[in-house]
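> Build me a model:
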Amino acid sequence: MVQLGLLITNSHRLLSVAAILDVFESVNHFLEKQNEPKFYHISLLTQDEKPDAYYGKYTLQPLQSAGNFDLILIPAFGAGDLAASVSGNKMFIPWLWEQHKNGAEIASFCTGAFLLAAAGLLNGREATTHIDSAQALASNFPDVILKSNAVVTEDKGIFTSGGATSSFHLMLYLIQRHCGKELTLKTAKMFAIDMDREQQTYFGTFAPSQNHGDGLVNMAQQKIEKEYQEGSTIETLIQDIPASRRNVVRRFKQAIGVTPIEYLQRTRIEAAKKMLAQTDQSVLEVMLNSGYNDLKSFRQLFKKSTGVTPKEYRDKFNITRLESAGRLERRAAML
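Numbers count the residues shown, from 1 in each chain. Below you'll find the model as predicted:
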């Protein structure tokens, strides 16, 4: 039996914990129905020395009295300040080190990777997190080998997943390692999980900080965001900024985490994504309205940024088409 410890961290995302419990309890239930013993013994762990509460049907167990575990799971943090979330869970860090030293595998889900990174357990290891938090992970923990597009990573007994539903892919990955493919497929079918997702790039949103305190960089950001459709080069866009190009690039990278050229490209691609999802403009019209003038180049840049072609992105996310498909499905179900 695998001793599974689930951390009930401060500021954890309720949905993340609920999903983890539901999936691993379901695996145990499948086995019980087959008159086989449960595979996972699940314990919920807290930093509190004397917890006086239950979490659902589970009694919260303090770290101080917890034994050794085979597998430790770190749920996602809720929306908010990730630095504060990590700081509020620092008591877990030495315990995680001790457990890993004793042979435990450790898996984080979504932004739970920030706690692993703060512990130093991701140094020199490949890792992923929610696509929109990847830049923050890279900036704060430069020793992590970030694979921001990855859905799941595994590196020497440490596992991470991308955001939201990517967590299910990590759970299935762990279940297959422990229980085999048949039980994994049964679990995937029960939760309607599409098992062939290979990347999470197209779920990302470019939402750069505007509150970094550098007025010159704010000026450059506003210039790019106002004039990106004109097809101008970055040199043209920042020529009126009262600083040398070298100084602008240096301060821009320091404040935002990307260069002005990358910022312009990502602003244009984000605009193209919005048009593909919300309008019926042709791909050619979207290209022109997002500041590009070469269709082949636009398609290449779009796929490099999102992992899919403009047409594939539209098929996945266009609101009108999705609503139309939903109406057709409901109509067919009524026949």
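
> can you give me the strands in the stretch 1-150 of the chain?
Listed in chain order, the strands of the stretch 1-150 of the chain (DSSP state E, counting those that start in this stretch) span residues 2-7, 40-46, 54-55, 58-59, 61-62, 71-74, 105-108, 126-127, 145-146.

> Just tell me which of those strands ends up closest to Thr259.
Among those, the nearest to Thr259 by C-beta to C-beta is strand 145-146 (17.3 Å). For the C-beta atoms, the positions are set from N, CA and C on the backbone; glycine is no exception.

> Run the chain-centre distance for that closest one.
13 Å (C-alpha atoms, centre = their mean, to the nearest Å).

> by contact count, what packs against that strand?
strand 126-127, helix 134-140 (3 or more C-beta pairs under 8 Å, 6 or more residues apart in numbering; DSSP states H and E).

> Residues contacting it, please?
Gly124, Arg125, Glu126, Ala127, Thr128, Ala134, Leu137, Ala138, Asp155 (C-beta atoms under 8 Å, 6 or more residues apart in numbering).

> ok, now stretch 101-108?
Contacts of stretch 101-108 (C-beta under 8 Å, 6+ apart): 5, 68-74, 96, 99-100, 115-116, 121, 129, 157-161, 170, 174.

> pull the helix or strand with minimum mean pLDDT from the chain.
helix 319-334 (a mean of 54; mean pLDDT, DSSP states H and E).

> Show me this protein divided up by domain.
2-203, 215-319 (automatic domain parsing).

> just to revisit the earlier point, Produce a ChimeraX select command limited to the buried residues of the contacts of strand 145-146.
In ChimeraX, a selection of the buried entries from the contacts of strand 145-146 looks like this (16 or more other C-beta atoms under 10 Å):
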select :125,126,127,128,134,137,138
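
> Any regions of the stretch 1-150 of the chain where pLDDT drops low?
Applying pLDDT under 70 to the stretch 1-150 of the chain flags residues 52.

> Helices of the stretch 101-250 of the chain, start to end?
113-119, 134-140, 166-179, 181-190, 215-227, 234-237, 245-256 (DSSP state H, counting those that start in this stretch).
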